[in-house]
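Student: coords please:
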Amino acid sequence: MIEQQEEIISGTETLVRKLIANLPNGVVKSYLYGVLPEVIGFFWSVVFALIVYAAGVRVISVLIKLIRKPFELRGAERGVIQFITSLSKTVLYAVLLVIILTLFGVSTASIAAAIASIGLAAGLALQGSLSNFAGGVLILLLRPFVIGDYIIEHTHGNEGIVSEITIFYTKLRTIDHKIIVIPNGVLANSSLTNATMSDKRMIHLNVGIAYSDDISKAKAVLERIVEKEELRLKGEETQVYVDDLGESAVILGLRFWVATGDYWTVRWRTLEEIKLDFDANGIGIPFNQLDVHVVQS
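Tutor: This is a model prediction of the structure:
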């Protein structure tokens, strides 16, 4: 490749020299003869660099597909595939950059020395990014979550469905389809809740009733609500109990199990049923009230 490049540059330079030779003698002619080798060399270096870049992008695309294929055939988790793909692209494009630099006459030894120096400086300046990379590796090895899990990150309160895991960041999609980008270092070094790792979830609700209401009657209403819920897991235990004696209400607790995918649907429906059935049975739900008395003098 380099020999062909030198031959093309030499041929172009010879042709241009013949054209310059027809110019009248003077300062312009002398100047053109002086800068001709550098201009011709740089021009063809740019041309070859563009050709190599275009070809390199296609080759990288093919190599990425070849790298992904074994993981996909083995049924690897999507987060692992995304991480490997992102890392492979970074490495391959770095190799492509080195090849392009050699076309401009930069020696491999110089590139290696520059990479070592830049790597040292970058390592000191980009400690956060290196921490994110290490965090991404830990996430893939320990698998606290995978693509499609719903997680709650406790440090900043971010939560959503994991949609992508890259070498530096993890993307969450909220229920209203906003995208939250969180550094992997944050996820690897803070506590989080994975709400969908298990195939079932417990619905745990607390509801208050007045001290004057019948506790047994209220518990029976809650039990009937659970019994008629079609999506509850019927083989699991249901609990209805007195959870606390509050300042202004008796707090009843309700617990039963549903499939993880049905959690929110059943929770919202149960809350509505509790209010409607309590009203129908004359059971009040206490709430804070403020009485204002106006005294006229």
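Student: Buried residues in stretch 161-180, which are they?
Tutor: 161-172, 180 (16 or more other C-beta atoms under 10 Å). C-betas here are computed from N, CA, C, even on glycine.
Student: Now do the end-to-end distance for that stretch.
Tutor: 10 Å (C-alpha to C-alpha, to the nearest Å).
Student: got it, and stretch 185-196?
Tutor: Taking C-alpha to C-alpha, stretch 185-196 runs 22 Å from one end to the other.
Student: Next one: residue 84 from residue 156, what distance?
Tutor: 28 Å (C-beta to C-beta, to the nearest Å).
Student: More neighbours: which of those two?
Tutor: Ranked by neighbour count (other C-beta atoms under 10 Å), residue 84 and residue 156 place residue 84 first, with 18 against 10.
Student: got the buried residues for the helix or strand in which the more buried one is found?
Tutor: Element membership of residue 84, judged by DSSP states H and E, is helix 78-103. Neighbour counts using 16+ other C-beta under 10 Å place 78-89, 92, 96, 100-103 of helix 78-103 among the buried residues.
Student: next one: stretch 135-152
Tutor: For stretch 135-152, the neighbour count (16+ other C-beta under 10 Å) marks 135-136, 138-140, 145-147, 149-151 as buried.
Student: Going along the chain, name the strands of this protein.
Tutor: With DSSP state E as the criterion, the chain has strands at 150-153, 159-165, 169-173, 179-183, 192-194, 200-209, 239-245, 250-259.
Student: among the ones you listed, which is nearest residue 231?
Tutor: strand 250-259 (5.6 Å; C-beta to C-beta).
Student: Return the list of helices and strands in contact with that closest one.
Tutor: Where contact means 3 or more C-beta pairs under 8 Å, 6 or more residues apart in numbering; DSSP states H and E, strand 250-259 is packed against strand 200-209, helix 215-227, strand 239-245.
Student: can you put the ones you listed in TSV and add mean pLDDT?
Tutor: Output for the helices and strands packed on strand 250-259, formatted as TSV (pLDDT from 0 to 100):
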stretch	mean pLDDT
strand 200-209	94
helix 215-227	95
strand 239-245	94
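Student: okay, the ones you listed in TSV with mean neighbour count and distance to residue 280 next?
Tutor: Output for the helices and strands packed on strand 250-259, formatted as TSV (neighbours: other C-beta atoms under 10 Å; distance: least, C-beta to C-beta, whole Å):
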stretch	mean neighbour count	distance to residue 280
strand 200-209	17	14
helix 215-227	16	9
strand 239-245	13	18
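Student: between those, which gets nearest to residue 269?
Tutor: Nearest to residue 269, of all the helices and strands packed on strand 250-259, is helix 215-227, at 9.3 Å by C-beta to C-beta.
Student: Contacts for that closest one next, please.
Tutor: For helix 215-227, the surrounding residues in contact (C-beta atoms under 8 Å, 6 or more residues apart in numbering) are 207, 209, 232, 238, 240-242, 250, 252, 254, 256, 270, 273-274, 277-278, 281, 283.
Student: how about 7 Å then?
Tutor: 209, 232, 238, 240, 242, 250, 252, 254, 256, 270, 273-274, 277-278, 281, 283 (C-beta atoms under 7 Å, 6 or more residues apart in numbering).
Student: Out of the residues you listed, which end up buried?
Tutor: 209, 232, 238, 240, 250, 252, 254, 256, 270, 273-274, 278, 283.
Student: Return the closest of those with respect to residue 65.
Tutor: residue 232 (45.7 Å).
Student: ok, that closest one to residue 247 distance?
Tutor: For residue 232 relative to residue 247 (C-beta to C-beta), the value is 32 Å.
Student: Now do the contacts for residue 232.
Tutor: Per C-beta under 7 Å, 6+ apart, neighbours of residue 232: 226, 256-258, 266.
Student: ugh, typo on my part, it should be residue 179
Tutor: Taking C-beta under 7 Å, 6+ apart as the contact definition, residue 179 lies against 171, 173.
Student: hmm, try it at 8 Å
Tutor: Neighbouring residues of residue 179 by C-beta under 8 Å, 6+ apart: 163, 171-173.
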